[in-house]
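Mind looking at a prediction? Sequence and model below.
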Amino acid sequence: MFYRLIAVAILAATALMGHAKADPYEGWYTGADIGYITDDGFDGFKYTAIGGYNFEISDTFYIGAEGFLGGISGEGDTVFDWGAVAQPGFIINGTHSVFGRIGIEGFTGNGDTEAGVLIGGGGEYGLSDGLSLRGTIDTVEFDTFSIRAGLVYRFGD
């Protein structure tokens, strides 16, 4: 399932590459990231498809909402990962940003579902109009920690 989500994100970004706008922080975006997660003795590989919307409040500040779906594989188990966050950020030099994250993240697997408050942050480095390299570090209830890197494509006008 993960590979299908990544393929959809890449195809959508590729199909709309000609429509990227010069100011990438307002509007809809999609992307994917991969990384590492640890939770009370469980270590694994985390992969996530992301999507959201940002609203620029000024030339240097924006606030956004993001949803994500993905999975975690490790130690013979696969867990479904989901959540939503508010994401305020500061724009640096018009093409880069740093942001905070607060919301909810849930994990479903082995017949159980758990959810908690997510707190984190990250940054984006603009590669071209609309395309950014992104990194995030998150914690859920200070028990689960993850670090991820990926690509984000911002849709143009």
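Yep, that arrived.

check which helix or strand covers the closest residue in space to Ser132 that isn't next to it in sequence.
Leaving aside its sequence neighbours, Ser132 sits nearest to Glu124 (Cβ to Cβ, 6 or more residues apart in numbering; 4.2 Å). Yep, even glycine has a C-beta here, placed from its N, CA and C like the rest. Using DSSP states H and E, Glu124 falls within strand 112-128.

Does that strand pack against any helices or strands, and if so which?
Packed against strand 112-128, as judged by 3 or more Cβ pairs under 8 Å, 6 or more residues apart in numbering; DSSP states H and E, are the following elements: strand 77-92, strand 96-109, strand 131-140.

As TSV, the ones you listed with mean neighbour count and distance to Ala65 would be great.
Formatted as TSV, the helices and strands packed on strand 112-128 follow (neighbours: other Cβ atoms under 10 Å; distance: least, Cβ to Cβ, whole Å):
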stretch	mean neighbour count	distance to Ala65
strand 77-92	18	6
strand 96-109	18	9
strand 131-140	19	15
